[in-house]
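# following is a predicted model, sequence given first.
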Amino acid sequence: MDILSFFEQHMEMTYVVILSVFLGIEVISRVPSVLHTPLMSGANAIHGVVIIGAIIVMGEAEKDNYLALVLGFLAVILGTLNVVGGFVVTDRMLEMFKSKKNK
């Protein structure tokens with residue numbers, strides 16, 4: 001019953017999340033496959049916001065709230081991996097467009 005009361009109290013937030021999911025599906029489905037990798041590598045770099053949010057959650061969590069601390073730590077680790085992966089993919093794509101030097 002706690003989940004239902006949460007949704008009743010945060011109805012506007014629930015609507016925003018549901019609409020953003022549908023909007024994201026619609027936008028991604030219209031992206032050509034040639035542009036999918038460059039867009040995703042750039043979007044992965046935006047996950048720095050996730051890292052900052054996770055650090056804030058961990059900083060504001062109480063010492064005995066292990067769930068918030070563990071989830072915040074996992075979010076920092078996974079967000080960092082996503083950011084690094086986005087930059088690696090972007091770097092590899094940019095290497096493809098550089099002219100080869102004559103030896």
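Perfect, thanks for sending it. Numbers count the residues shown, from 1 in each chain.

# so what's Ala54 up against?
Going by Cβ atoms under 8 Å, 6 or more residues apart in numbering, Ala54 touches 71-73, 75-76, 79. Any C-beta I mention is one placed from the backbone N, CA and C, and that applies to glycine too.

# so which elements touch the biggest helix by length in the chain?
In the chain, assigned by DSSP state H, the helix with the most residues is helix 66-97. Identification of packing neighbours for helix 66-97 by 3 or more Cβ pairs under 8 Å, 6 or more residues apart in numbering; DSSP states H and E yields helix 33-45, helix 48-60.

# quick one: those as a markdown table, columns for mean pLDDT and distance to Gly24 too.
Supplementary listing: these in a markdown table, determined by pLDDT from 0 to 100; distance: least, Cβ to Cβ, whole Å:
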| stretch | mean pLDDT | distance to Gly24 |
| --- | --- | --- |
| helix 33-45 | 70 | 10 |
| helix 48-60 | 87 | 16 |
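
# about what we covered before: report the buried members of the contacts of Ala54.
Buried residues within the contacts of Ala54, counting neighbours by 16 or more other Cβ atoms under 10 Å: 72, 75-76, 79.

# what about Ala68, how many residues nearby?
Counted with other Cβ atoms under 10 Å, residues neighbouring Ala68 total 15.

# my guess is Ile55 contacts Leu69. True?
No. Shown here, Ile55 and Leu69 do not form a contact pair, counting by Cβ atoms under 8 Å, at 11.6 Å.

# roughly how far out does stretch 84-97 sit from the chain middle?
A distance of 18 Å separates the C-alpha centroid of stretch 84-97 from that of its chain, computed with Cα atoms, centre = their mean, to the nearest Å.

# got a list of what the residue nearest to the spatial centre of the chain touches?
Among the residues of the chain, His47 comes closest to the average C-alpha position under Cα atoms, centre = their mean, at 4.4 Å. For His47, the residues meeting the contact criterion (Cβ under 8 Å, 6+ apart) are 79, 82-83, 86.

# okay, the helices and strands packed on helix 66-97 in JSON lines with distance to Val27 next?
Shown next, in JSON lines, are these (distance: least, Cβ to Cβ, whole Å):
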{"stretch": "helix 33-45", "distance to Val27": "10"}
{"stretch": "helix 48-60", "distance to Val27": "18"}
